[in-house]
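*Asks:* Structure for the following, please:
(one chain, ligands or ions: 1)
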Amino acid sequence: MTPAARIQASIEILEQILSGTPVEKSLTNWARRSRFAGSKDRAAVRDHVFEALRCKRSFAALGGAETGRGLMIGAVRGSGEELADLFSGARHAPAVLSQDENGREFLTDAERYDIPEWLWPRFQSSLGDQTVAVARALQHRAPVHLRVNLIKTDVPDAIAALAVEDIKAVAHPACETALEVAEGARKIAQSRAYTEGLVELQDAASQAVVAALELRPEMRVLDFCAGGGGKSLALAAHQGVKVIAHDVNASRMRDLPARAERAGVQVQIVSTDELPQQDPFDVVLADAPCSGSGSWRRAPAGKWALTEDRLQELTGIQSCILDQLKTLVAPGGVLAYATCSMLDDENGNIVDAFLRANPQWSETFRKTWLVSHGADGFFTAHLTR
Ligand SMILES: C[S@@+](CC[C@H](N)C(=O)[O-])C[C@H]1O[C@@H](n2cnc3c(N)ncnc32)[C@H](O)[C@@H]1O
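*Replies:* As a prediction, this is how the structure comes out:
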(Lines give C-alpha, C1' and ligand atoms only; values in the text may rest on other atoms or scores of the structure.)
Protein backbone atom coordinates (compact mmCIF):
# COMPACT_ATOMS: atom_id res chain seq x y z
CA MET A 1 0.00 0.00 0.00
CA THR A 2 1.18 3.53 -0.71
CA PRO A 3 1.29 6.07 2.14
CA ALA A 4 -1.78 7.72 0.58
CA ALA A 5 -3.68 4.41 0.43
CA ARG A 6 -2.93 3.85 4.12
CA ILE A 7 -4.44 7.27 4.85
CA GLN A 8 -7.54 6.42 2.81
CA ALA A 9 -7.90 3.14 4.75
CA SER A 10 -7.53 5.04 8.04
CA ILE A 11 -10.24 7.48 6.95
CA GLU A 12 -12.66 4.60 6.33
CA ILE A 13 -11.85 2.93 9.66
CA LEU A 14 -12.22 6.21 11.55
CA GLU A 15 -15.63 6.75 9.92
CA GLN A 16 -16.76 3.40 11.32
CA ILE A 17 -15.41 4.25 14.77
CA LEU A 18 -17.06 7.67 14.76
CA SER A 19 -20.37 6.05 13.87
CA GLY A 20 -20.14 3.85 16.96
CA THR A 21 -18.30 0.65 15.97
CA PRO A 22 -15.70 -0.32 18.61
CA VAL A 23 -12.09 0.46 17.67
CA GLU A 24 -10.75 -3.10 17.49
CA LYS A 25 -13.80 -4.33 15.58
CA SER A 26 -13.40 -1.54 13.01
CA LEU A 27 -9.73 -2.43 12.51
CA THR A 28 -10.51 -6.16 12.20
CA ASN A 29 -13.35 -5.51 9.72
CA TRP A 30 -10.98 -3.52 7.55
CA ALA A 31 -8.19 -6.14 7.75
CA ARG A 32 -10.68 -8.88 6.72
CA ARG A 33 -11.80 -7.07 3.60
CA SER A 34 -8.25 -5.91 2.74
CA ARG A 35 -6.34 -9.16 2.27
CA PHE A 36 -3.86 -7.27 0.08
CA ALA A 37 -2.61 -5.36 3.13
CA GLY A 38 0.65 -6.75 4.54
CA SER A 39 1.66 -6.70 8.20
CA LYS A 40 3.55 -3.39 7.76
CA ASP A 41 0.45 -1.83 6.17
CA ARG A 42 -1.77 -3.07 8.98
CA ALA A 43 0.63 -1.73 11.60
CA ALA A 44 0.88 1.66 9.85
CA VAL A 45 -2.90 1.98 9.50
CA ARG A 46 -3.39 1.01 13.13
CA ASP A 47 -0.86 3.67 14.16
CA HIS A 48 -2.68 6.31 12.08
CA VAL A 49 -6.04 5.38 13.60
CA PHE A 50 -4.77 5.42 17.19
CA GLU A 51 -2.96 8.71 16.67
CA ALA A 52 -6.15 10.25 15.25
CA LEU A 53 -8.13 8.98 18.25
CA ARG A 54 -5.60 10.30 20.77
CA CYS A 55 -5.59 13.70 19.00
CA LYS A 56 -9.24 13.80 17.95
CA ARG A 57 -10.03 17.35 19.06
CA SER A 58 -6.89 19.01 17.75
CA PHE A 59 -6.93 17.09 14.46
CA ALA A 60 -10.60 17.97 13.93
CA ALA A 61 -9.74 21.65 14.41
CA LEU A 62 -6.74 21.45 12.08
CA GLY A 63 -8.66 19.39 9.52
CA GLY A 64 -11.88 21.39 9.62
CA ALA A 65 -14.26 18.55 10.60
CA GLU A 66 -14.69 15.72 13.10
CA THR A 67 -14.97 13.09 10.36
CA GLY A 68 -12.53 10.39 9.31
CA ARG A 69 -11.37 12.61 6.47
CA GLY A 70 -11.20 15.73 8.65
CA LEU A 71 -9.11 13.93 11.27
CA MET A 72 -6.62 12.63 8.71
CA ILE A 73 -6.36 16.04 7.03
CA GLY A 74 -5.64 17.44 10.50
CA ALA A 75 -3.06 14.71 11.14
CA VAL A 76 -1.18 15.46 7.93
CA ARG A 77 -1.48 19.24 8.35
CA GLY A 78 -0.22 18.96 11.95
CA SER A 79 2.76 16.84 10.89
CA GLY A 80 3.87 19.44 8.36
CA GLU A 81 3.76 16.96 5.47
CA GLU A 82 2.58 18.17 2.07
CA LEU A 83 -1.19 17.58 1.93
CA ALA A 84 -1.33 17.58 -1.87
CA ASP A 85 1.09 14.63 -2.05
CA LEU A 86 -1.24 12.41 -0.03
CA PHE A 87 -4.69 13.82 -0.85
CA SER A 88 -3.95 13.54 -4.56
CA GLY A 89 -7.08 11.90 -5.93
CA ALA A 90 -4.88 9.17 -7.46
CA ARG A 91 -6.03 5.53 -7.37
CA HIS A 92 -6.55 4.36 -3.72
CA ALA A 93 -5.57 7.85 -2.45
CA PRO A 94 -7.98 10.29 -0.75
CA ALA A 95 -9.65 12.92 -2.94
CA VAL A 96 -8.02 16.29 -3.49
CA LEU A 97 -8.86 18.88 -0.81
CA SER A 98 -11.78 21.18 -1.56
CA GLN A 99 -11.69 24.93 -0.93
CA ASP A 100 -13.62 24.68 2.33
CA GLU A 101 -11.45 22.00 3.99
CA ASN A 102 -9.52 24.56 5.95
CA GLY A 103 -8.25 24.24 9.45
CA ARG A 104 -8.71 26.86 12.14
CA GLU A 105 -6.82 28.13 15.17
CA PHE A 106 -7.31 26.26 18.44
CA LEU A 107 -10.01 27.88 20.55
CA THR A 108 -8.82 26.63 23.95
CA ASP A 109 -5.88 24.84 25.58
CA ALA A 110 -8.12 21.82 26.14
CA GLU A 111 -8.65 21.63 22.38
CA ARG A 112 -4.97 22.14 21.60
CA TYR A 113 -3.96 19.39 24.04
CA ASP A 114 -6.82 16.99 23.29
CA ILE A 115 -8.64 16.93 26.59
CA PRO A 116 -12.46 17.16 26.85
CA GLU A 117 -13.39 20.76 27.73
CA TRP A 118 -15.27 19.83 30.94
CA LEU A 119 -12.27 17.83 32.19
CA TRP A 120 -9.61 20.50 31.69
CA PRO A 121 -10.24 22.31 35.03
CA ARG A 122 -10.03 18.95 36.86
CA PHE A 123 -6.79 18.17 35.01
CA GLN A 124 -5.44 21.54 36.10
CA SER A 125 -6.44 21.14 39.73
CA SER A 126 -5.07 17.58 39.86
CA LEU A 127 -1.86 18.12 37.92
CA GLY A 128 -0.92 21.77 38.56
CA ASP A 129 2.19 22.75 36.60
CA GLN A 130 2.33 19.26 35.03
CA THR A 131 -1.05 19.70 33.27
CA VAL A 132 0.29 20.54 29.82
CA ALA A 133 3.13 17.98 30.00
CA VAL A 134 0.65 15.23 30.92
CA ALA A 135 -1.87 16.21 28.25
CA ARG A 136 0.88 16.33 25.63
CA ALA A 137 2.18 12.92 26.69
CA LEU A 138 -1.36 11.56 26.22
CA GLN A 139 -1.23 12.74 22.58
CA HIS A 140 1.56 10.27 21.86
CA ARG A 141 1.87 6.52 21.67
CA ALA A 142 2.71 4.64 24.91
CA PRO A 143 6.05 2.90 25.27
CA VAL A 144 6.11 -0.91 25.45
CA HIS A 145 7.17 -2.23 28.84
CA LEU A 146 7.97 -5.71 30.07
CA ARG A 147 8.13 -7.15 33.58
CA VAL A 148 11.03 -9.49 34.24
CA ASN A 149 9.67 -12.55 36.00
CA LEU A 150 12.10 -12.93 38.90
CA ILE A 151 10.76 -16.42 39.66
CA LYS A 152 12.33 -17.63 36.40
CA THR A 153 15.19 -15.29 35.57
CA ASP A 154 16.94 -12.03 36.43
CA VAL A 155 17.14 -8.70 34.63
CA PRO A 156 20.49 -9.20 32.76
CA ASP A 157 19.47 -12.69 31.58
CA ALA A 158 16.05 -11.49 30.45
CA ILE A 159 17.63 -8.64 28.46
CA ALA A 160 20.07 -11.14 26.90
CA ALA A 161 17.29 -13.64 26.04
CA LEU A 162 15.31 -10.85 24.32
CA ALA A 163 18.41 -9.64 22.45
CA VAL A 164 18.91 -13.11 20.92
CA GLU A 165 15.54 -12.58 19.22
CA ASP A 166 16.37 -9.02 18.10
CA ILE A 167 14.32 -7.37 20.81
CA LYS A 168 16.28 -4.57 22.43
CA ALA A 169 15.16 -3.82 25.97
CA VAL A 170 16.65 -1.50 28.56
CA ALA A 171 16.05 -1.12 32.30
CA HIS A 172 13.26 1.34 33.21
CA PRO A 173 13.69 3.42 36.38
CA ALA A 174 10.12 2.86 37.70
CA CYS A 175 11.14 -0.35 39.50
CA GLU A 176 13.60 -3.23 39.56
CA THR A 177 11.64 -5.54 37.23
CA ALA A 178 10.70 -3.00 34.54
CA LEU A 179 12.17 -2.97 31.03
CA GLU A 180 11.39 -0.62 28.17
CA VAL A 181 11.46 -2.11 24.69
CA ALA A 182 13.55 0.08 22.42
CA GLU A 183 13.41 -2.13 19.28
CA GLY A 184 11.51 -5.18 18.10
CA ALA A 185 8.28 -4.72 20.10
CA ARG A 186 6.23 -6.49 17.42
CA LYS A 187 8.30 -9.67 17.91
CA ILE A 188 7.58 -10.03 21.63
CA ALA A 189 4.47 -12.22 21.51
CA GLN A 190 6.27 -14.88 19.45
CA SER A 191 9.56 -14.70 21.34
CA ARG A 192 10.88 -17.51 23.53
CA ALA A 193 11.45 -15.04 26.39
CA TYR A 194 7.71 -14.32 26.37
CA THR A 195 6.25 -17.76 25.60
CA GLU A 196 8.44 -19.34 28.30
CA GLY A 197 7.39 -16.78 30.88
CA LEU A 198 10.70 -14.98 31.43
CA VAL A 199 8.94 -11.69 30.73
CA GLU A 200 5.35 -10.49 30.79
CA LEU A 201 3.89 -7.44 29.04
CA GLN A 202 3.11 -4.93 31.78
CA ASP A 203 3.42 -1.18 32.08
CA ALA A 204 6.26 -0.02 34.34
CA ALA A 205 4.02 2.02 36.67
CA SER A 206 1.65 -0.93 37.02
CA GLN A 207 4.66 -2.97 38.17
CA ALA A 208 5.76 -0.15 40.47
CA VAL A 209 2.38 -0.22 42.24
CA VAL A 210 3.07 -3.85 43.21
CA ALA A 211 6.74 -3.17 43.97
CA ALA A 212 5.68 -0.48 46.47
CA LEU A 213 4.14 -3.19 48.69
CA GLU A 214 6.40 -4.73 51.31
CA LEU A 215 5.77 -8.39 50.62
CA ARG A 216 7.25 -11.20 52.69
CA PRO A 217 7.08 -15.00 52.31
CA GLU A 218 3.90 -16.59 53.73
CA MET A 219 1.87 -13.39 53.35
CA ARG A 220 -1.66 -13.89 52.01
CA VAL A 221 -2.46 -11.21 49.44
CA LEU A 222 -5.88 -10.59 47.89
CA ASP A 223 -5.99 -8.95 44.47
CA PHE A 224 -9.63 -7.90 44.74
CA CYS A 225 -10.03 -6.29 41.29
CA ALA A 226 -7.79 -8.74 39.47
CA GLY A 227 -9.16 -8.25 35.92
CA GLY A 228 -6.83 -10.02 33.48
CA GLY A 229 -4.50 -10.68 36.42
CA GLY A 230 -1.49 -8.52 35.52
CA LYS A 231 -0.96 -7.47 39.13
CA SER A 232 -1.80 -10.95 40.52
CA LEU A 233 1.07 -12.34 38.45
CA ALA A 234 3.43 -9.59 39.59
CA LEU A 235 2.44 -10.28 43.23
CA ALA A 236 2.90 -14.03 42.78
CA ALA A 237 6.41 -13.50 41.40
CA HIS A 238 7.44 -12.81 45.03
CA GLN A 239 8.80 -16.04 46.49
CA GLY A 240 6.46 -17.60 49.06
CA VAL A 241 3.67 -15.02 48.76
CA LYS A 242 0.23 -16.61 48.46
CA VAL A 243 -1.94 -14.73 45.96
CA ILE A 244 -5.71 -14.93 45.81
CA ALA A 245 -7.34 -13.31 42.77
CA HIS A 246 -10.93 -12.07 42.67
CA ASP A 247 -12.97 -9.97 40.28
CA VAL A 248 -16.65 -9.17 40.42
CA ASN A 249 -16.68 -10.10 36.73
CA ALA A 250 -15.10 -13.56 36.93
CA SER A 251 -14.86 -13.92 33.15
CA ARG A 252 -12.17 -11.23 33.13
CA MET A 253 -9.86 -13.69 34.91
CA ARG A 254 -10.42 -16.30 32.18
CA ASP A 255 -6.83 -16.28 30.91
CA LEU A 256 -5.22 -16.04 34.34
CA PRO A 257 -4.62 -19.80 34.88
CA ALA A 258 -2.76 -20.11 31.56
CA ARG A 259 -0.77 -16.93 32.24
CA ALA A 260 0.14 -18.17 35.74
CA GLU A 261 1.28 -21.50 34.32
CA ARG A 262 3.46 -19.77 31.73
CA ALA A 263 4.97 -17.64 34.49
CA GLY A 264 5.53 -20.66 36.76
CA VAL A 265 3.54 -19.12 39.64
CA GLN A 266 0.50 -20.08 41.69
CA VAL A 267 -2.60 -17.88 41.84
CA GLN A 268 -5.75 -19.05 43.57
CA ILE A 269 -8.91 -17.73 41.95
CA VAL A 270 -11.90 -17.17 44.25
CA SER A 271 -15.47 -16.19 43.50
CA THR A 272 -17.33 -13.45 45.38
CA ASP A 273 -19.26 -16.14 47.30
CA GLU A 274 -16.04 -17.86 48.43
CA LEU A 275 -14.36 -14.67 49.62
CA PRO A 276 -15.84 -14.56 53.17
CA GLN A 277 -14.26 -17.96 53.94
CA GLN A 278 -10.84 -16.69 52.85
CA ASP A 279 -10.25 -13.61 55.02
CA PRO A 280 -8.35 -12.04 56.71
CA PHE A 281 -5.54 -11.10 54.34
CA ASP A 282 -2.20 -9.48 55.15
CA VAL A 283 -2.52 -7.29 52.06
CA VAL A 284 -5.63 -6.43 50.07
CA LEU A 285 -4.98 -4.69 46.77
CA ALA A 286 -7.90 -2.74 45.30
CA ASP A 287 -6.87 -1.85 41.73
CA ALA A 288 -10.19 -0.14 41.35
CA PRO A 289 -12.21 0.51 38.21
CA CYS A 290 -11.49 4.08 37.12
CA SER A 291 -11.54 6.56 34.25
CA GLY A 292 -8.29 5.02 32.98
CA SER A 293 -6.90 8.52 32.44
CA GLY A 294 -3.39 7.13 33.00
CA SER A 295 -3.76 4.67 30.13
CA TRP A 296 -5.57 6.81 27.58
CA ARG A 297 -2.54 6.55 25.27
CA ARG A 298 -3.33 2.84 24.87
CA ALA A 299 -7.12 3.19 24.96
CA PRO A 300 -7.80 6.69 23.59
CA ALA A 301 -11.53 6.11 23.04
CA GLY A 302 -11.87 6.20 26.85
CA LYS A 303 -10.74 9.84 26.90
CA TRP A 304 -13.70 10.93 24.80
CA ALA A 305 -16.20 8.51 26.35
CA LEU A 306 -15.73 9.80 29.91
CA THR A 307 -18.50 12.12 31.13
CA GLU A 308 -19.03 13.96 34.41
CA ASP A 309 -21.80 11.50 35.28
CA ARG A 310 -19.59 8.50 34.59
CA LEU A 311 -16.79 9.99 36.67
CA GLN A 312 -19.20 10.47 39.54
CA GLU A 313 -20.43 6.91 39.18
CA LEU A 314 -16.83 5.65 39.24
CA THR A 315 -15.94 7.60 42.37
CA GLY A 316 -19.00 6.12 44.06
CA ILE A 317 -17.84 2.59 43.15
CA GLN A 318 -14.30 3.36 44.32
CA SER A 319 -15.49 4.54 47.75
CA CYS A 320 -17.77 1.49 48.08
CA ILE A 321 -14.93 -0.91 47.25
CA LEU A 322 -12.63 0.63 49.87
CA ASP A 323 -15.37 0.49 52.46
CA GLN A 324 -16.19 -3.11 51.64
CA LEU A 325 -12.53 -4.21 51.86
CA LYS A 326 -11.65 -2.79 55.26
CA THR A 327 -13.13 -5.83 57.02
CA LEU A 328 -11.00 -8.25 54.95
CA VAL A 329 -7.65 -6.87 56.13
CA ALA A 330 -5.91 -8.49 59.11
CA PRO A 331 -5.03 -6.12 61.98
CA GLY A 332 -1.74 -4.44 61.06
CA GLY A 333 -2.24 -5.49 57.44
CA VAL A 334 -2.34 -3.18 54.44
CA LEU A 335 -5.25 -2.05 52.33
CA ALA A 336 -3.62 -0.84 49.11
CA TYR A 337 -5.81 1.35 46.93
CA ALA A 338 -4.74 1.90 43.32
CA THR A 339 -6.08 3.37 40.09
CA CYS A 340 -4.63 3.92 36.62
CA SER A 341 -5.86 7.50 36.86
CA MET A 342 -4.18 10.82 37.58
CA LEU A 343 -7.33 12.65 38.72
CA ASP A 344 -7.65 13.74 42.36
CA ASP A 345 -11.37 12.86 42.26
CA GLU A 346 -10.47 9.17 41.92
CA ASN A 347 -7.28 9.18 43.98
CA GLY A 348 -6.42 11.44 46.90
CA ASN A 349 -10.03 12.56 47.38
CA ILE A 350 -11.26 8.97 47.72
CA VAL A 351 -8.52 8.06 50.21
CA ASP A 352 -8.96 11.29 52.21
CA ALA A 353 -12.71 10.67 52.49
CA PHE A 354 -12.04 7.09 53.66
CA LEU A 355 -9.58 8.30 56.30
CA ARG A 356 -12.03 10.95 57.54
CA ALA A 357 -14.78 8.34 57.86
CA ASN A 358 -12.49 5.72 59.45
CA PRO A 359 -10.24 7.52 61.97
CA GLN A 360 -8.74 4.22 63.22
CA TRP A 361 -7.09 3.85 59.79
CA SER A 362 -4.00 5.78 58.74
CA GLU A 363 -2.05 6.24 55.56
CA THR A 364 1.53 4.93 55.38
CA PHE A 365 2.32 5.52 51.70
CA ARG A 366 0.98 7.55 48.76
CA LYS A 367 2.39 8.00 45.28
CA THR A 368 1.24 9.22 41.86
CA TRP A 369 2.98 8.29 38.60
CA LEU A 370 2.41 10.67 35.67
CA VAL A 371 2.35 9.70 31.99
CA SER A 372 4.78 12.56 31.39
CA HIS A 373 7.40 10.55 33.32
CA GLY A 374 7.53 7.69 30.85
CA ALA A 375 4.98 5.12 32.05
CA ASP A 376 1.21 4.95 32.45
CA GLY A 377 -0.36 7.28 34.99
CA PHE A 378 -1.07 5.49 38.27
CA PHE A 379 -1.88 6.23 41.89
CA THR A 380 -1.55 4.12 45.00
CA ALA A 381 -2.03 4.64 48.73
CA HIS A 382 -1.41 2.18 51.57
CA LEU A 383 -3.84 2.22 54.49
CA THR A 384 -3.46 0.41 57.78
CA ARG A 385 -5.08 0.29 61.20
C1 LIG B 1 -8.52 -1.51 36.65
S2 LIG B 1 -9.26 -3.03 36.33
C3 LIG B 1 -8.15 -4.18 37.03
C4 LIG B 1 -6.87 -4.38 36.27
C5 LIG B 1 -6.03 -5.50 36.79
N6 LIG B 1 -5.82 -5.41 38.24
C7 LIG B 1 -4.68 -5.60 36.10
O8 LIG B 1 -3.65 -5.28 36.69
O9 LIG B 1 -4.68 -6.03 34.93
C10 LIG B 1 -10.59 -3.02 37.47
C11 LIG B 1 -11.31 -4.33 37.63
O12 LIG B 1 -12.23 -4.17 38.71
C13 LIG B 1 -13.34 -4.98 38.47
N14 LIG B 1 -14.44 -4.47 39.33
C15 LIG B 1 -15.33 -3.52 39.07
N16 LIG B 1 -16.15 -3.33 40.13
C17 LIG B 1 -15.77 -4.20 41.06
C18 LIG B 1 -16.22 -4.53 42.35
N19 LIG B 1 -17.25 -3.87 42.89
N20 LIG B 1 -15.60 -5.50 43.01
C21 LIG B 1 -14.54 -6.16 42.47
N22 LIG B 1 -14.05 -5.90 41.24
C23 LIG B 1 -14.65 -4.93 40.55
C24 LIG B 1 -13.58 -4.89 37.00
O25 LIG B 1 -14.28 -6.03 36.55
C26 LIG B 1 -12.15 -4.79 36.45
O27 LIG B 1 -11.69 -6.04 36.02
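
*Asks:* rest of the way, CA atoms for contacts and neighbours
*Replies:* Noted.

*Asks:* so what's the residue in the chain positioned nearest to the ligand closest to, chain neighbours aside?
*Replies:* Ranked by C-alpha to the nearest ligand atom, the top residue of the chain for proximity to the ligand is Gly227, at 3.4 Å. In space, and not counting its chain neighbours, Gly227 is closest to Arg252: 5.1 Å by C-alpha to C-alpha, 6 or more residues apart in numbering.

*Asks:* my guess is Ala75 contacts Phe50, does it?
*Replies:* No. The pair Ala75 / Phe50 is not scored as a contact, 11.2 Å apart, by C-alpha atoms under 8 Å.

*Asks:* sorry, back to before: show the pLDDT at the residue nearest to Gly227.
*Replies:* If you check Arg252, the pLDDT there is 97.

*Asks:* neighbours around it, how many?
*Replies:* 15 (other C-alpha atoms under 10 Å).

*Asks:* List the contacts of Gly302.
*Replies:* With contacts defined as C-alpha atoms under 8 Å, 6 or more residues apart in numbering, the neighbours of Gly302 are 291-293, 296.

*Asks:* Quick one: which of those is the most crowded by neighbours?
*Replies:* Neighbour max across those (other C-alpha under 10 Å) = Trp296, 26 neighbours.

*Asks:* Now pLDDT and distance to Thr339 too, for the contacts of Gly302, in JSON lines please.
*Replies:* Shown next, in JSON lines, are these (pLDDT from 0 to 100; distance: C-alpha to C-alpha, whole Å):
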{"residue": "Ser291", "pLDDT": "98", "distance to Thr339": "9"}
{"residue": "Gly292", "pLDDT": "98", "distance to Thr339": "8"}
{"residue": "Ser293", "pLDDT": "98", "distance to Thr339": "9"}
{"residue": "Trp296", "pLDDT": "98", "distance to Thr339": "13"}
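
*Asks:* Tell me the one of these nearest Arg141?
*Replies:* If you rank those by distance to Arg141 using C-alpha to C-alpha, Trp296 comes first, at 9.5 Å.

*Asks:* all strands of the stretch 251-385 of the chain, in order?
*Replies:* Ranges of strands within the stretch 251-385 of the chain are 267-269, 281-287, 329-339, 362-369, 378-384, based on DSSP state E, counting those that start in this stretch.

*Asks:* so Glu51 makes contact with Asp114?
*Replies:* No. Between Glu51 and Asp114 there is no contact under C-alpha under 8 Å: 11.3 Å.

*Asks:* more crowded one of the two?
*Replies:* Asp114 (23 against 20).

*Asks:* Confirm that one sits in a strand?
*Replies:* No. Under DSSP: H, G, I helix; E, B strand; the rest coil, Asp114 falls outside any strand and is assigned coil.
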